[in-house]
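Enquirer: I would like the atomic coordinates for the input below:
(one chain, ligands or ions: 2)
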Amino acid sequence: MKKINPLTRDPRPMSNTVILPAAGAKTLADIDPTLDLSAEIDRLRKEKNAIILAHYYQDGEIQDLADYVGDSLDLSRKAAATDADMIVFSGVRFMAEVAKILSPQKTVVIPDAEAGCSLEDSCQPGPFKAWRDAHPGHISLTYINCSAEVKALSDIIVTSSSAEHIVNQLPKDQPILFAPDRHLGAYIKRKTGREDMVLWPGTCIVHEQFSAREITRLKSQHPGALVAAHPECPEGILQVADHIGSTSQILKFVHDSPAREFIVATEQHIIHQMQKDAPGKIFLAAPGADGGCNCASCPFMALNTLEKMYLAMINEAPRIEMPEELRLRALKPLERMLELAPIKKPEQNAA
Ligand code: 13P
Ligand code: SF4
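Expert: Residues are numbered from 1 along each chain as shown. Ligands and ions are numbered 1, 2, ... in the order given. I've put the predicted structure just below:
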């Protein structure tokens, strides 16, 4: 029977790259409630020579405990370069898969096996392959938010911080297929002036929920506030933005800007990092259509907790494993990305 994704109610099968904890492994019920989880995670980190990588959309307590916090490109680079024996990836599953593809000799664990992504769900390998076959002569640029199988069927992987730079390195007359985020794809298409760029119709369930009308209303109540938006937002949101960029580019913008107030149109846990970096500035989460919802929270990222991270380190599962043949095919377009992506100054990546 097909496994149904509990968050999206999606009947399509979930990733088969995750090895779940074995029978008899420790569970949440085994955790002593008086345990100092941060201290225990720290102990396991040393004992297992582990590195904890976290995305900016993780809960503040996870970001604070991580060895490294970054955007998708930063995290890929870090996963490829670390000499740790274990990578504890606190983000979503496709990010942990990237870590395994780039560092196959390491044990890669994730706190929750079901931390997926609506973009990944929207783009299954079968239909993606058929789409590619229907567009001969097109180069396939695929956003990193996809499964290892879809990566293996792509020519170059891109992230939100590298897509424009990579597209600009392709010959002007090269037709492009861009999957799976149609909003990011449309944004890159506008920015690069590419006419022959076909978009897969996927979207992020978080960035889709912001309301341009409510953002404009909030801005009128905070006249000095600048709007920073992620390119996964629909065009209407990007039109009211003062800055558009990946999570790390947004962080850099609010750091460098002389403005004091910002409306943040991306997953709201990034505000934790902004407050740490610029405690004197004010950050407002962009509102959704009803003006007051908590819709800027990614339900997949939210599955990860310190308790589950602790268990993953003890059990060494959920753990990413994949056939070597698949890994090697997925590695090629990821290596293309790392070759073509812009180089960043190291100090911008620190946790
Ligand atoms: P970046 O951190 O690369 O901007 O990615 C955003 C995102 O939605 C990750 O799922
Ligand atoms: Fe996927 Fe959107 Fe969540 Fe990022 S924020 S993991 S794109 S659903």
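
Enquirer: show me what whatever helix or strand residue 325 lives in is packed up against.
Expert: For residue 325, the host element (DSSP states H and E) is helix 324-340. When contacts are defined as 3 or more Cβ pairs under 8 Å, 6 or more residues apart in numbering; DSSP states H and E, helix 324-340 sits against helix 72-81, helix 93-102, helix 148-152, strand 156-158, helix 163-167. C-beta coordinates here come from the backbone N, C-alpha and C atoms, glycine included.

Enquirer: roughly how far is the lowest-mean-pLDDT helix or strand in the chain from the heart of the chain?
Expert: Within the chain, confidence by mean pLDDT, DSSP states H and E is lowest for helix 72-81 among all helices and strands, at a mean of 91. Chain-centre distance of helix 72-81: 12 Å, with Cα atoms, centre = their mean, to the nearest Å.

Enquirer: picking up where we left off before, most packed of the helices and strands packed on helix 324-340?
Expert: strand 156-158 (a mean of 28; mean count of other Cβ atoms under 10 Å).

Enquirer: same question for stretch 26-39, mean pLDDT?
Expert: Across stretch 26-39, the average pLDDT comes to 97.

Enquirer: where does pLDDT dip in the stretch 1-150 of the chain?
Expert: 1-15 (pLDDT under 70).

Enquirer: now do the helices in it.
Expert: 37-47, 60-65, 72-81, 93-102, 118-122, 125-133, 148-152 (DSSP state H, counting those that start in this stretch).

Enquirer: of all the ones you listed, which one is nearest ligand 2?
Expert: helix 118-122 (4.4 Å; Cβ to the nearest ligand atom).

Enquirer: thinking again about what came up before, identify whichever of the helices of the stretch 1-150 of the chain lies nearest to residue 306.
Expert: Closest to residue 306 of those is helix 37-47 (Cβ to Cβ; 4.6 Å).

Enquirer: show me what the closest one is packed against.
Expert: Short answer (3+ Cβ pairs under 8 Å, 6+ apart): helix 37-47 packs on strand 50-55, helix 60-65, helix 306-315.

Enquirer: spell out which parts of the stretch 151-300 of the chain neighbour ligand 2.
Expert: Listed as neighbours of ligand 2 in the stretch 151-300 of the chain under the rule Cβ under 6 Å from any ligand atom: 204-206, 232, 267, 298, 300.

Enquirer: thanks a lot, see you next time.
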